[in-house]
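Engineer: Could you look at this predicted model? Sequence included:
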Amino acid sequence: MPVPVRGSQHHYKYALAFVVGGVCVLRYDNEAGKGDHRHIGAVEQPCLFTGLEQLLADVWRDVDAWRGR
């Protein structure tokens, strides 16, 4: 992004989702105005974006936790 999405401090726009049986059970995104956050089921929580590698690591950690590993 040429300028950060409103609420974020970086130049990335992202939305990463884990969908099971047609239902989104986990999502990380930075919707304009809300900044960086994640959804686990119906719960929305802010999260700290420190880089793309860490974002992917956080997503996979939560996917593995959801799967019960």
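Structural biologist: Cool, got the structure. Numbers count the residues shown, from 1 in each chain.
Engineer: residues contacting the residue lying closest to V19 once chain neighbours are set aside?
Structural biologist: Once flanking residues are discounted, V19 sits nearest to V25: 7.1 Å by Cβ to Cβ, 6 or more residues apart in numbering. For glycine as for every other residue, the C-beta is placed from the backbone atoms N, C-alpha and C. Residues in contact with V25 (Cβ atoms under 8 Å, 6 or more residues apart in numbering) are 18-19, 40-41, 66.
Engineer: Out of those residues, which comes closest to W60?
Structural biologist: F18 (9.4 Å; Cβ to Cβ).
Engineer: Pull the contacting residues for that closest one.
Structural biologist: Counting by Cβ under 8 Å, 6+ apart, F18 touches 24-27, 59, 62-63, 66.
Engineer: Checking the residue nearest the centre of the chain next. Helix, strand or coil?
Structural biologist: Nearest to the mean C-alpha position of the chain, counting by Cα atoms, centre = their mean, stands Y28 at 1.3 Å. Secondary structure, DSSP: H, G, I helix; E, B strand; the rest coil: Y28 is strand.
Engineer: My read is that E44 contacts G35, right?
Structural biologist: No. Counting by Cβ atoms under 8 Å, E44 stays clear of G35, with 11.3 Å between them.
Engineer: what do the two both touch?
Structural biologist: In contact with both E44 and G35: no residue, using Cβ under 8 Å, 6+ apart.
Engineer: Of those two, which one has the most company?
Structural biologist: Shown here are E44 and G35; by other Cβ atoms under 10 Å, G35 has more neighbours (17 against 13).
Engineer: re the thing from before, next, the contact list for the residue nearest to the centre of the chain, please.
Structural biologist: Residues in contact with Y28 (Cβ under 8 Å, 6+ apart) are 14-17, 36-39, 47, 55, 58-59.
Engineer: Kindly report the same for P4.
Structural biologist: Counting by Cβ under 8 Å, 6+ apart, P4 makes contact with 10-11.
Engineer: Wait, a helix at it?
Structural biologist: No. Secondary structure of P4 (three-state DSSP): coil, not part of a helix.
Engineer: confidence score at the residue nearest to the centre of the chain?
Structural biologist: With respect to pLDDT, Y28 has a value of 97.
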